[in-house]
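[1] Structure of the sequence below:
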Amino acid sequence: MRLILITCLLAALPTVASPTIQPGEYLTEGGWGTLKIKPGKNKQLTFVLDAIGANAHTCNLEGEIINGRATLEAEEEGKACVVGFKPKGDDLEVADRSEGYCRYYCGMRASFEGLYIMPSAGCTLAGVRKARKAFKQAYDKKAYADAEAHLSPLLNNCNKTLNWLEEGWIRNDLALAQYKSRNLLACRETLQALADDAAKTDAELREDYPPTDAESYLPIMRATRTNLKLCQGSR
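    Take a look at the predicted model:
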């Protein structure tokens, strides 16, 4: 009787649905990885994943997700790259489930594994492009307050998923708008995160960063040095 009662009680408990993978765009913290998932044929999902590591080494994978996994060809015959997609709330944990066979799709200094975050609409790649375009249009019209209003939300709301190089350019653009508005304190605060590297010479930065990264970063640092002087009231 007791066994029957326990069985009946368990049967009456509500079942909890397993989290499902939602189509959309996902970004990693730091913006080094982008994952786009779309509905495919036969109610399956398709994905495209791009990640960038040090010295511009990349990972590029795409395929179909079936039961939370994608099976891709591997370099070694008879083996397969298996990519796992595990929902974590609104986000997705992506991992190589094939003992490293997915390295075939990555450069030496790149990896695609990690947590991919579903950003708000304004923080998607398209949302960031739209805000930067609106900034430029307002800045060219010398509507500096409006220009600042387009970029500030990117640093306030999207900083977690911005690529480090893009963040550097955004900070410099925003600082210029603040300088034009004669808000020198805000201008300095916007550039503060870049100030330590800006204080280094180009040669020192080349020692600190891999060659390709350094070449991409140096123009940002040169702009930062100039804009820091402007924000101090120097011309």
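[2] and the longest helix belonging to the chain, which residues are buried?
    Criterion DSSP state H: the longest helix present in the chain is helix 211-231. For helix 211-231, burial by neighbour count (16 or more other Cβ atoms under 10 Å) applies to 213, 214, 217, 220, 221, 223, 224, 225, 227, 228, 230, 231. Where you see a C-beta, it was placed from the backbone N, CA and C, and this is true even at glycine.
[3] before we move on, what about stretch 33-53?
    33-37, 45-47, 49-53.
[4] With stretch 164-183 instead?
    Result for stretch 164-183 [16+ other Cβ under 10 Å]: buried residues 166-180, 183.
[5] of all those residues, which comes closest to residue 208?
    residue 168 (14.4 Å; Cβ to Cβ).
[6] The closest one belongs to a helix, doesn't it?
    Yes. Counting by DSSP: H, G, I helix; E, B strand; the rest coil, residue 168 is located in a helix.
[7] what sits against it?
    194, 217, 220, 224 (Cβ atoms under 8 Å, 6 or more residues apart in numbering).
[8] I'd like the residues you listed laid out as JSON lines, including distance to residue 67 and pLDDT.
    As requested, these are exported to JSON lines (distance: Cβ to Cβ, whole Å; pLDDT from 0 to 100):
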{"residue": "194", "distance to residue 67": "45", "pLDDT": "98"}
{"residue": "217", "distance to residue 67": "42", "pLDDT": "98"}
{"residue": "220", "distance to residue 67": "43", "pLDDT": "98"}
{"residue": "224", "distance to residue 67": "48", "pLDDT": "98"}
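[9] could you dump stretch 110-126 to PDB, C-alpha only?
    Once non-C-alpha atoms are left out, stretch 110-126 reads as follows in PDB (Å, rounded to 0.1, in the frame of the first residue of the first chain):
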ATOM      1  CA  ALA A 110      41.800  30.100 -31.300                       C
ATOM      2  CA  SER A 111      39.000  28.200 -29.500                       C
ATOM      3  CA  PHE A 112      35.200  28.300 -29.800                       C
ATOM      4  CA  GLU A 113      34.400  26.700 -26.400                       C
ATOM      5  CA  GLY A 114      32.600  28.800 -23.800                       C
ATOM      6  CA  LEU A 115      29.400  30.500 -22.700                       C
ATOM      7  CA  TYR A 116      27.500  32.300 -25.500                       C
ATOM      8  CA  ILE A 117      25.200  35.000 -24.200                       C
ATOM      9  CA  MET A 118      22.000  36.100 -25.800                       C
ATOM     10  CA  PRO A 119      22.300  39.900 -25.900                       C
ATOM     11  CA  SER A 120      19.600  42.500 -25.800                       C
ATOM     12  CA  ALA A 121      18.500  43.900 -29.100                       C
ATOM     13  CA  GLY A 122      20.700  46.900 -28.900                       C
ATOM     14  CA  CYS A 123      23.800  44.800 -28.200                       C
ATOM     15  CA  THR A 124      23.600  42.400 -31.200                       C
ATOM     16  CA  LEU A 125      26.200  42.900 -33.900                       C
ATOM     17  CA  ALA A 126      23.500  44.700 -36.000                       C
END
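[10] Could you give the average pLDDT over it?
    Per-residue pLDDT values over stretch 110-126 give a mean of 95.
[11] which residues are in contact with it?
    Under Cβ under 8 Å, 6+ apart, the answer for stretch 110-126 is 22, 24-29, 33-35, 49, 51-54, 57-59, 61, 83, 88, 90-96, 102, 105-106, 127-128, 131, 153-154, 157-158, 160-161.
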